[in-house]
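[1] predicted model follows, preceded by the sequence.
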Amino acid sequence: MRLSKSLIPALKETPSDAQIASHRLMLRAGMIRQMASGIYAWLPSGYRVLNKIMQIVREEQDQAGAQEMLMPTIQSADLWRESGRYDAYGKEMLRITDRHARDLLYGPTNEEMITSLVRDSIKSYRDLPQTPYHIQWKFRDEVRPRFGVLRGREFLMKDAYSFDVDYAGALAAYKKMMLAYMRTFQRMGITAIPMRADTGQIGGDLSHEFHVLASTGESGVFYDAAFETGDALAETDVELFYQKMTSIYAATDEKHDTAQWAKIPSERQREGRGIEIGQIFYLGQKYSQAMNFAITGADGQRFFPEMGCYGIGVSRLVGAIIEARHDEAGIIWPDAVAPYRAAILNLRQGDAATDGICENLHTQLGADGLYDDREERAGVKFAEADLMGHPWQIIVGPRGAVNGLVELKRRATGERWELAVQDALTKVLG
RNA sequence: CGGGGCGUGGCGCAGCCUGGUAGCGCGCUUGUUUUGGGUACAAGAGGCCCCCGGUUCGAAUCCGGGCGCCCCGACCA
């Protein structure tokens, strides 16, 4: 992409209504623009990040045996009356009336809908287990939206739902999903920690929240340093993984148990702040019962399937990753989710040598390269590249260009190398 | 939902108290300059001063009513 032709409106000054780092940086880097309170438009570079995150989530869900589908954003109130949640949900639910005066709502979650869908098509225990998921926009009419995409009203979420014949099956699904979540977050270059959680409005009695460590996080977290080593993640057997993962202490401040905490050697005690980016729940038969989803078992008797639900805040992750990965100059994208893998900075636009090298690099990098071909001073290009946080900057100036050399800069570490064009490219692509 | 604050060119703000033909910085356009960390000079373009009503000879400014947005708290993926 050529920066001169892109819709990536970077801002030199900070918009006054952005309080925290990720919100400020997303606005300044031209990733998003607010369209209404808690509602954002995703501009090209922000949308690229969103898509990369979505893709990683998708791959890991598929890997865990879940099947992708897509449910609508608008739901019928009748569906929610079946479970009793239409009245229970409160003002966070955005209620809509259509021209025929029928009650609709913009979905805040999809338990009712998926249960009804599965109920209508699954009639035998032989068809279970099933784990459908989708990645769709949700709406919760928060009293007070804030922090940009971390706490918007409209947000993109991956939600999966498992249906099993018995508790053992549901538990196996739960464990498998926890493993998939940890792999998902690891691939995105962030440290996430699963913590025992309340089940809140969703229901059920077994639940974990996943928190990204970030100094600006909303909740205080306490955890055992054993999480930092990543040993448990190397475990490929689901049972062993789950055992290891859940035997290490980790809790948010609400669920912090000081007696348990005291048993951990002090040199391994870690306190910090976290942002919740996902939560998994064992639901039991709450919804299958409420919505009369019964099927015939091997013994010929009718039974209610055991359910679980599993959410990841996809749009929130964009903000959470930035909270965890930024400095005074701007964002520091992990390679896997960066909008562009490398920026090509032409320091002397119009110079035959620099133009030639830049065009060549731009072609070879394809869609993952962002070419700053604007008629701007070097300082402007440096500052903006740091702000946008590309993992690599390929700096092409007239001094090196005559000898076929460019400077490669790694955003995360500040390291620089003077390299031949092809060597720089190899390093970036490697 | 309680408490506080703000709406003035794209962005950040001043002007409002004490009514009198709308201003600054950044950005944008053109030219010159500069050429490896947000360059300098010059000339320009761009505004229903959030909306509606009232007071007044005259309202960005005073009064009333709306709407929007932000911050603190309670609440939440």
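    Thanks, I have it.
[2] neighbouring contacts of the helix or strand containing residue A:193?
    Assigned by DSSP states H and E, residue A:193 belongs to strand A:192-196. Contacts with strand A:192-196, where a contact means Cβ atoms under 8 Å, 6 or more residues apart in numbering, come from A:178, A:181-182, A:185-186, A:207-213, A:221, A:223, A:227, A:245-246, A:250-252, A:255, A:274, A:277-278. Using the backbone N, CA and C atoms, a C-beta is placed for each residue, glycine as well.
[3] so which of these reach RNA strand B?
    Contacts with RNA strand B within the contacts of strand A:192-196, as defined by Cβ under 7 Å from any atom of the strand: A:209, A:277, A:278.
[4] weed out the non-buried ones from the residues you listed.
    Burial by neighbour count, judged by 16 or more other Cβ atoms under 10 Å, picks out A:209, A:277, A:278 from those.
[5] can you pull out the helices in the stretch 301-430 of chain A?
    Secondary structure of the stretch 301-430 of chain A (DSSP state H, counting those that start in this stretch): helices at A:314-324, A:352-365, A:378-388, A:398-401, A:421-429.
[6] nearest to RNA strand B, of those?
    helix A:378-388 (2.5 Å; Cβ to the nearest atom of the strand).
[7] in the lowest-mean-pLDDT helix or strand in chain A, what's buried?
    Using mean pLDDT, DSSP states H and E, helix A:231-234 stands out as the lowest-scoring helix or strand of chain A, at a mean of 78. Applying a neighbour-count criterion of 16+ other Cβ under 10 Å, one finds A:232, A:233 buried in helix A:231-234.
[8] with just CA atoms, put that helix into PDB.
    Output of helix A:231-234 as PDB, limited to C-alpha atoms (Å, rounded to 0.1, in the frame of the first residue of the first chain):
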ATOM      1  CA  ASP A 231       5.600 -24.500  30.400                       C
ATOM      2  CA  ALA A 232       2.000 -25.500  30.500                       C
ATOM      3  CA  LEU A 233       1.500 -24.200  27.000                       C
ATOM      4  CA  ALA A 234       4.000 -26.600  25.600                       C
END
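[9] now the closest residue to residue A:386 other than its chain neighbours. Its backbone dihedrals?
    Closest residue in space to residue A:386, ignoring its immediate chain neighbours: residue A:329 at 4.0 Å, by Cβ to Cβ, 6 or more residues apart in numbering. Backbone torsions of residue A:329, given as degrees, to the nearest 10, read phi -80, psi -20.
[10] isn't residue A:329 up against residue A:384?
    No: Residue A:329 lies out of contact with residue A:384 (Cβ atoms under 8 Å); the separation is 10.1 Å.
[11] higher neighbour count, the two?
    Between residue A:329 and residue A:384, counting by other Cβ atoms under 10 Å, residue A:384 is the more crowded of the two (23 against 15).
[12] tabulate the helices of the stretch 301-430 of chain A (JSON lines), appending mean pLDDT.
    Below are these laid out as JSON lines (pLDDT from 0 to 100):
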{"stretch": "helix A:314-324", "mean pLDDT": "96"}
{"stretch": "helix A:352-365", "mean pLDDT": "96"}
{"stretch": "helix A:378-388", "mean pLDDT": "96"}
{"stretch": "helix A:398-401", "mean pLDDT": "93"}
{"stretch": "helix A:421-429", "mean pLDDT": "97"}
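[13] does the residue in the stretch 151-300 of chain A that RNA strand B sits nearest to belong to a helix, a strand or coil?
    Going by Cβ to the nearest atom of the strand, RNA strand B is nearest to residue A:155 of the stretch 151-300 of chain A, at 3.5 Å. Residue A:155 carries the three-state label strand when classified by DSSP: H, G, I helix; E, B strand; the rest coil.
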